[in-house]
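Chemist: All I have is the shape, not the residue letters:
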Ligand SMILES: *Cc1c(COP(=O)(O)O)cnc(C)c1O
Ligand SMILES: [Zn+2]
């Protein structure tokens, strides 16, 4: 495979492609390094377009020896031109990358597909994760599909939809009384005791690479070019840094003209440590205690936060945050103008795009891609109580007086 070694992001020391995630010398995180000459020779546009309609069409860019035999076929989700959303925001060219269209309805299927394949290649037979919800759904589903034993750890106060949509796959679901950062700490401890593949702990370098496929697909769907600007949700910061890496790699191997988009990150004010560091011009991230409806983004101590900051700064982008009300408004704006119902993370992303557009920080003619990473059916409570419907008796006169009447005002019953 074109992946060559793991490399420390801080000091550059290299390690073999094993289940390692932290540098022994400086404690920096490890990242997969590739032989780009090898990829350049192999990965042609023809080879990619003849590949499967899933993220595995980009297997040449991923740290696995082969494609999995049993797999849920994550990725290759629609890129939708969102003209009505663009018009609403005073922009001309906005696309939505609709990653709700994945097997378990979030982009986490990409990272899990890659992590589990590498875990299999490394000989693990139990997989596990610490999750804010979507990762739990995805690990559970992928483990069920391949018949692998799994332990999934989540904060006990997680949305009920996400707990049910994990437990249904028949895996071990462990609800931990604490927040995500507590869950993650516990999992790091367990990972040092057990020979399990924790997808976002000891096989994190492989897991993280799965997110690059969002950039590859976007470029392919734009007929092999990078957009001017991307807006990406930030939890640990991994997704944002890997979308950037994906576009950079395509330039490096000559599949697009060398260009990386301006990268903008989106957080909730109730958990915005990276946005705060960006706004205050700081080099370090001060951990926070999350308090937001955007639970899938509620990581108070983000592992890749400083790298996300660095990407935003060097591409001329930014990391911004939005209020709880703006998140709900963002969910509705996206739904009403594109027909895509997103979970709270997508509300955050849409709201940050709206905020930037309103502040004149985006040129109207910029090509913008908005990454919608999870499905609204998972966080119904976020919009419950804010929508209206009509409720009537089954008579024509009720219909005419309650629904069609001039002053019916869009509904008589809140849901
Ligand atoms: C996990 C997640 C993210 C962000 O992921 P990071 O790589 O940790 O920044 C964004 N959106 C959704 C819906 C997620 O589940
Ligand atoms: Zn190091």
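Modeler: Cool, the structure landed. Just so it is clear, the structure is predicted and the values come from calculations on it, not from any experiment. Residues are numbered from 1 along each chain as shown. Ligands and ions are numbered 1, 2, ... in the order given.

Chemist: I'd say residue 273 and residue 303 touch.
Modeler: No. In terms of Cβ atoms under 8 Å, residue 273 does not count as a neighbour of residue 303; the distance is 11.5 Å. Glycine gets a C-beta too; all of them are placed from N, C-alpha and C.

Chemist: more crowded one of the two?
Modeler: residue 273 (23 against 20; other Cβ atoms under 10 Å).

Chemist: Where does the prediction get shaky in this structure?
Modeler: Applying pLDDT under 70 to the chain flags the ranges 408.

Chemist: Up against ligand 1, what does it have?
Modeler: 106, 108, 134, 233-239, 296-297, 343, 345, 373-374 (Cβ under 6 Å from any ligand atom).

Chemist: List the beta-bridge partners for residue 320.
Modeler: residue 266 (DSSP bridges).

Chemist: what's the spacing between stretch 384-396 and its chain's center?
Modeler: Computed by Cα atoms, centre = their mean, to the nearest Å, the chain-centroid distance of stretch 384-396 equals 35 Å.

Chemist: let me fix that: stretch 190-201
Modeler: That offset, for stretch 190-201, works out to 22 Å (Cα atoms, centre = their mean).

Chemist: what sits up against that stretch?
Modeler: 19, 21, 111-112, 115-116, 119, 122, 124, 126-131, 135, 139, 151, 184, 187-188, 202-204, 207, 236 (Cβ atoms under 8 Å, 6 or more residues apart in numbering).

Chemist: gap between the two ends of that stretch?
Modeler: Stretch 190-201 has an end-to-end distance of 10 Å (criterion: Cα to Cα, to the nearest Å).

Chemist: give me the number of residues near the closest residue to ligand 2 within the stretch 51-200 of the chain?
Modeler: Using Cβ to the ion, the closest approach of the stretch 51-200 of the chain to ligand 2 is made by residue 188 at 18.0 Å. Residue 188 has 16 neighbours, counted by other Cβ under 10 Å.

Chemist: Got phi/psi on it?
Modeler: Backbone torsions for residue 188, taken as degrees, to the nearest 10, come to phi -60, psi -40.

Chemist: May I have the residues that are in contact with it?
Modeler: 198, 201.

Chemist: redo that, cut-off 7 Å
Modeler: Contacts for residue 188 (Cβ atoms under 7 Å, 6 or more residues apart in numbering) come out as residue 201.

Chemist: before we move on, what about residue 357?
Modeler: 89-91.

Chemist: coming back round to it: now the buried members of the contacts of stretch 190-201.
Modeler: With burial judged by 16 or more other Cβ atoms under 10 Å, the buried subset of the contacts of stretch 190-201 is 19, 21, 111-112, 115-116, 119, 124, 126-131, 135, 139, 151, 184, 187-188, 202-204, 207, 236.

Chemist: So which of those sit within strands?
Modeler: 126-130, 151 (DSSP state E).

Chemist: Taking the residues you listed together, which two end up most distant?
Modeler: 126 and 130 (14.7 Å; Cβ to Cβ).

Chemist: got the domain boundaries for the chain?
Modeler: Split into domains by automatic domain parsing, the chain comes to 35-61+107-205, 79-105+208-382.

Chemist: got the residue ranges for the helices in the stretch 301-415 of the chain?
Modeler: In chain order, the stretch 301-415 of the chain shows helices spanning 305-314, 324-338, 344-358, 396-398, with DSSP state H, counting those that start in this stretch as the criterion.

Chemist: List the buried residues in the second one.
Modeler: So that's helix 324-338. So for helix 324-338, counting by 16+ other Cβ under 10 Å, buried means 324, 326-335, 337-338.

Chemist: Next: the shortest one.
Modeler: Neighbour-count burial for helix 396-398 flags no residue at all (criterion: 16+ other Cβ under 10 Å).

Chemist: So the closest residue to residue 135 other than its chain neighbours versus residue 343, what's the distance?
Modeler: Counting by Cβ to Cβ, 6 or more residues apart in numbering, residue 135 lies nearest to residue 108, which is 4.8 Å off, once chain neighbours are set aside. According to Cβ to Cβ, to the nearest Å, residue 108 stands 12 Å off from residue 343.

Chemist: Show me which of the two is the more surrounded one.
Modeler: Each of residue 108 and residue 343 has its neighbours counted (other Cβ under 10 Å); residue 108 has more, 34 against 31.

Chemist: Give me the phi and psi angles of that one.
Modeler: Given degrees, to the nearest 10, the pair of backbone angles that residue 108 has is phi -60, psi -20.

Chemist: can you pull the contacts of it?
Modeler: 134-135, 138.

Chemist: Just give me the closest of the residues you listed to residue 2.
Modeler: residue 138 (25.2 Å).

Chemist: What is the distance between stretch 124-143 and the centre of its chain?
Modeler: Using Cα atoms, centre = their mean, the offset of stretch 124-143 from its chain centre is 15 Å.

Chemist: Between the two ends of it, how far is it?
Modeler: Note: stretch 124-143 ends 12 Å apart using Cα to Cα.

Chemist: likewise stretch 95-111?
Modeler: 22 Å.

Chemist: which residues sit in contact with the spatially closest residue to residue 205 that is not a sequence neighbour?
Modeler: What sits nearest to residue 205 in space, not counting adjacent residues and going by Cβ to Cβ, 6+ apart, is residue 30, at 5.0 Å. Shown in contact with residue 30 (Cβ under 7 Å, 6+ apart): 6-8, 15, 20-23, 205.

Chemist: Show me what residue 30 is bridged to.
Modeler: residue 8.

Chemist: Quick check: the gap between it and ligand 1.
Modeler: 16 Å (Cβ to the nearest ligand atom, to the nearest Å).

Chemist: Residue of the stretch 1-150 of the chain nearest ligand 1, please.
Modeler: residue 134 (3.4 Å; Cβ to the nearest ligand atom).
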